[in-house]
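1. Curious how this folds, go ahead:
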Amino acid sequence: MATDKKQEKERSIEERLKALYTLQTYLSDIDRIKFLRGELPHEVKDLEDEIIRFDTRIKKHQEEIVDLKDLISRKTGEIEEHKAKIAKYEEQINNVRNNREFAFLEKEKEYESLEIELAEKNIRDAKAKIEQKTAEIENAREEKTDNEHILDEKKKELNDIVSETREQEEAIMAKAKDLEEVIDERTLKAFKRIRKNARNGLGIVTVQRNACGGCFNRIPPQRQLEIKMHKKVIVCEYCGRIMIDGQLAGIEEPVQETTPKRKTSRRKAAEK
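-> Numbers count the residues shown, from 1 in each chain. Here you go, the predicted structure:
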């Protein structure tokens, strides 16, 4: 452990920058491979989630139908009970001895009849809901089936792309992982944080034509000199990316052509 920390200290800024830039090239290659897959992974995930939602919806409707059927069974039983009471009251009416008893029994019959009407309404409503939920289950199953067919096609398309690039991606990822092992933890964490926040996934960039290769803002000459000296890790004050000069990164910046100056002053002086 102590040896590892010693090696980290001994590793120069120049070596760290070169390692980071090489790591960036590997990660950019992986990004390009993933870009080839486009939105397919997200589309596959969305379709899988949608199918799960359909299953949940179907299960919920099925459970509600079971509850509604229980309600119908219960209300049917209650109707039979109310009918039995009405029959009982009618039998008692035949044996009444005064108007008061007759009025009481008629009122009880009316109450039981109203309870039957209410129970019948509950049954009709429950049957209507069962019909509605059965239709919703059928629709959900059809949509689920359609999505499953689309999902199969998307998965096949994605698997074809992945199989074509799997070996290449795994090889690059192995190189990137090996390289991460030789970069100190603090520098690596900072690089990954910058890369994550960067729009194009570039955590370290070269200086190109006196400007940051990430955001293309101009870098002052003194700052460029500090970058070329490799004495410390320098980040762009505009976008926060780590900067490395092209020579250290192994990239030669194109030489700008200069037009030769015309030597006319001496010739004119000689003629005079």
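
2. Show me the shaky parts of this protein.
-> Residue ranges of the chain with pLDDT under 70: 1-11, 252-272.

3. Break it down into its structural domains.
-> Domain ranges of the chain: 2-35+184-249, 38-179, per automatic domain parsing.

4. Comparing those, which stretch has the densest surroundings?
-> Counting by mean count of other Cβ atoms under 10 Å, domain 2-35+184-249 has the highest mean neighbour count of the domains of the chain, with a mean of 16. C-beta coordinates here come from the backbone N, C-alpha and C atoms, glycine included.

5. Show me the longest helix that occurs in the chain.
-> Using DSSP state H to define each element, the chain has its longest helix at helix 99-181.

6. Can you work out which other helices and strands pack against the helix or strand following that helix?
-> Remark: after helix 99-181, the chain's next helix or strand is helix 185-197, criterion DSSP states H and E. The helices and strands touching helix 185-197, judged by 3 or more Cβ pairs under 8 Å, 6 or more residues apart in numbering; DSSP states H and E, are helix 13-37, strand 242-244.

7. can we see that at 10 Å?
-> helix 2-10, helix 13-37, helix 99-181, strand 204-208, strand 242-244 (3 or more Cβ pairs under 10 Å, 6 or more residues apart in numbering; DSSP states H and E).

8. what's the next secondary structure element after the shortest one?
-> Put plainly, it is strand 242-244. Using DSSP H and E, the helix or strand that directly follows strand 242-244 along the chain is helix 246-249.

9. for that next one, the distance to its chain's centre please.
-> 37 Å (Cα atoms, centre = their mean, to the nearest Å).

10. Other residues contacting that helix?
-> With contact meaning Cβ atoms under 10 Å, 6 or more residues apart in numbering, helix 246-249 is reached by 14, 17-18, 20-22, 24-25, 204-209, 213, 227-228, 230, 252-254.

11. With only the CA atoms kept, save stretch 72-86 in CSV.
-> Output of stretch 72-86 as CSV, limited to C-alpha atoms (Å, rounded to 0.1, in the frame of the first residue of the first chain):
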residue,chain,number,x,y,z
ILE,A,72,-72.9,-9.8,-7.1
SER,A,73,-72.9,-13.1,-5.3
ARG,A,74,-73.4,-11.3,-2.0
LYS,A,75,-76.2,-9.1,-3.3
THR,A,76,-78.0,-12.0,-4.9
GLY,A,77,-78.0,-13.7,-1.5
GLU,A,78,-79.3,-10.6,0.1
ILE,A,79,-82.1,-10.4,-2.4
GLU,A,80,-83.2,-13.9,-1.5
GLU,A,81,-83.2,-12.9,2.1
HIS,A,82,-85.3,-9.8,1.4
LYS,A,83,-87.8,-11.9,-0.6
ALA,A,84,-88.1,-14.4,2.2
LYS,A,85,-88.9,-11.6,4.6
ILE,A,86,-91.6,-10.2,2.2
